[in-house]
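A.B. asks: Got a sequence here, can you model it:
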Amino acid sequence: MASQRRVDWSLLCEEVRAGGLAPLVYDVLRGSQWVPETAAACLRDSYYETATFAGVMSVELGYVLRLLEKAGLPVIVLKGAALGDTLYGNSALRPMTDLDLLLHDRDISAALDVLHRNGYRTTGVEVRTGHTLEYENELVVYSPGTPPMAVELHWRLLDSPFYQDRVGASWFWETAQPAQVAGTGALVLGMEAVILHLSAHYVLHHRAQGVRWIYDIALLVESFGNDIDWQHVFDKAKEFELIYSIQVVVQQLVDDWQVAFPADVVSAATELTASEEEQRVVHLLLSEQRPVVQRFWSDLSTMSSWRRRSSYLLANLFPSPAYMQDRYDLHRRGLLPLAYPYRWALGLGEFLATRRKEDEK
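C.D. replies: Numbers count the residues shown, from 1 in each chain. I've put the predicted structure just below:
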């Protein structure tokens, strides 16, 4: 009874549900006599909700993998879709909202053809034909049926143009490992690649926030830390300019999760030095509430060549007519010539408003 009074079970349940850890907490505490029934019910409900959805997602994943395998298109399963089976050993313990798959960029068009023929759909219109494959790292297709399942097809692992240029996919393919995922054979990232990918995703995409993402890495290190080639991780982090991400993750795992790393790993991570270019890009990526125009110029400034910059700039200043009609809901084609200066004026207005706010600080 004393232990129950020291724990705010209602708050605990609320926070672990929000963080995506309620199924895991339920699995640890199930059967414990000292957990109040209301808290046990809350955790139990979350577990079975996740288990039900995970089952549906697993069926969908297996179906997609078999479609792509039949078409001769190799796939690496990423993030939660892979971790539920390979790390947690039970997909009900790892909530996910979509399926992430890595394909070769040369196979994206063929993969889309296969999925479209089987009822999957994409939404929206490209800025220009080929723009997505050139400047983005993923696109989303939705399964037929209700509710539609989101399947993200990646050809690069990070969305920043700076990292698209530096983090090539070849090493991730070369070090991929076979595994059983969703009841079928598949490829998953090797452990060193998982550490790098999850760390970069957590820090650069989620701004080093979100307990589910850091717990994935904590569990991986606790389970396989001695099997990971940490020097290789650090070497690739330097090559890919991901030193800041690795350092943030290692420090959080030590400070907040009390993860026990193999000897000298923490000191070796601390001694790494991010390049000035990496520091500049990370500062841009992690700036608070970057408006669209600021993100646009940040992306433009971090591209590796003038050819890419000029093509990106022209595509965004003069998108295709189909994109403009879709983006601005133009019911009459005669409005199209006016939509371009309207687009430029919106961008300029946002840019000036951002500058004023910065000057007022």
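A.B. asks: Strands of this protein, start to end?
C.D. replies: 76-78, 99-102, 138-142, 150-154, 177-181, 184-188 (DSSP state E).
A.B. asks: wait, which of the ones you listed is closest to Y120?
C.D. replies: Of all the strands of the chain, strand 138-142 sits nearest to Y120, with 4.4 Å by CB to CB. For the C-beta atoms, the positions are set from N, CA and C on the backbone; glycine is no exception.
A.B. asks: For H331, see how far away P74 is.
C.D. replies: Using CB to CB, to the nearest Å, we find P74 at a distance of 44 Å from H331.
A.B. asks: So for these two, which residue has more residues nearby?
C.D. replies: Legend: neighbour count by other CB atoms under 10 Å for P74 and H331, higher for P74 (14 against 7).
A.B. asks: looking at it, that one is touching L103, isn't it?
C.D. replies: Yes: counting by CB atoms under 8 Å, P74 touches L103, with 7.3 Å between them.
A.B. asks: Can you list the low-confidence ranges for the chain?
C.D. replies: 1-5, 288-290, 358-361 (pLDDT under 70).
A.B. asks: can you list the strands of the chain in a markdown table and add distance to S298 and mean neighbour count?
C.D. replies: As requested, the strands of the chain are exported to a markdown table (distance: least, CB to CB, whole Å; neighbours: other CB atoms under 10 Å):
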| stretch | distance to S298 | mean neighbour count |
| --- | --- | --- |
| strand 76-78 | 25 | 24 |
| strand 99-102 | 24 | 24 |
| strand 138-142 | 19 | 18 |
| strand 150-154 | 21 | 20 |
| strand 177-181 | 35 | 15 |
| strand 184-188 | 32 | 19 |
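A.B. asks: Out of those, which is closest to N90?
C.D. replies: Comparing those by their distance to N90 (CB to CB), the top pick is strand 177-181, with 13.1 Å.
A.B. asks: for the residue positioned nearest the centre of the chain, what are its contacts?
C.D. replies: With distances taken as CA atoms, centre = their mean, H201 lies nearest the centre of the chain, 5.4 Å away. Counting by CB atoms under 8 Å, 6 or more residues apart in numbering, H201 touches 79, 157-158, 213.
A.B. asks: Which member of the residues you listed is positioned nearest E241?
C.D. replies: Proximity of the contacts of H201 to E241 (CB to CB) peaks at L158, which lies at 10.6 Å.
A.B. asks: The closest one: neighbour count?
C.D. replies: A count of nearby residues for L158, using other CB under 10 Å, gives 22.
A.B. asks: do the same with V25
C.D. replies: By other CB under 10 Å, neighbour count at V25 equals 22.
A.B. asks: shouldn't it be in contact with V16?
C.D. replies: Yes: assessed by CB under 8 Å, V25 is found in contact with V16 at 4.9 Å.
A.B. asks: which residues do those two both contact?
C.D. replies: In terms of CB under 8 Å, 6+ apart, V25 and V16 are both contacted by the residues L43.
A.B. asks: In CSV: the strands of the chain, plus distance to Q294.
C.D. replies: Converted to CSV, those look like this (distance: least, CB to CB, whole Å):
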stretch, distance to Q294
strand 76-78, 28
strand 99-102, 27
strand 138-142, 22
strand 150-154, 25
strand 177-181, 39
strand 184-188, 36
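A.B. asks: quick one: which of these is nearest D85?
C.D. replies: In terms of CB to CB, the element of the strands of the chain nearest to D85 is strand 177-181, at 5.1 Å.
A.B. asks: could you give the angle of that closest one to strand 184-188?
C.D. replies: 140 degrees (axes from the mean of the first three to the mean of the last three CA atoms, to 10 degrees).
A.B. asks: Send over strand 177-181 as CSV, restricted to the C-alpha atoms.
C.D. replies: In CSV, the C-alpha atoms belonging to strand 177-181 read as follows (Å, rounded to 0.1, in the frame of the first residue of the first chain):
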residue,chain,number,x,y,z
GLN,A,177,21.4,-8.5,-42.4
PRO,A,178,18.7,-11.1,-43.2
ALA,A,179,15.9,-11.4,-40.6
GLN,A,180,12.4,-12.7,-40.1
VAL,A,181,10.0,-9.8,-40.2
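A.B. asks: So L102 is in contact with V167, correct?
C.D. replies: No: at 11.9 Å, L102 and V167 do not qualify as touching, with contact defined as CB under 8 Å.
A.B. asks: shared neighbours of these two, anything?
C.D. replies: Listed contacts common to L102 and V167 are L157; contacts here mean CB under 8 Å, 6+ apart.
A.B. asks: do you know which of the strands of the chain lies nearest L65?
C.D. replies: Using CB to CB, the strands of the chain put strand 184-188 closest to L65, at 5.3 Å.
A.B. asks: Partner strands of that closest one, with direction?
C.D. replies: Note on strand 184-188: by DSSP bridges, its sheet partners are strand 76-78 (parallel), strand 177-181 (antiparallel).
A.B. asks: count of neighbours near the closest residue to L272 other than its chain neighbours?
C.D. replies: The shortest distance from L272 to any non-neighbouring residue, by CB to CB, 6 or more residues apart in numbering, is to I243 (4.7 Å). For I243, the neighbour count with other CB under 10 Å is 20.
A.B. asks: For I243, give me its contacts.
C.D. replies: Counted by CB under 8 Å, 6+ apart, I243 has contacts 237, 272-275, 278.
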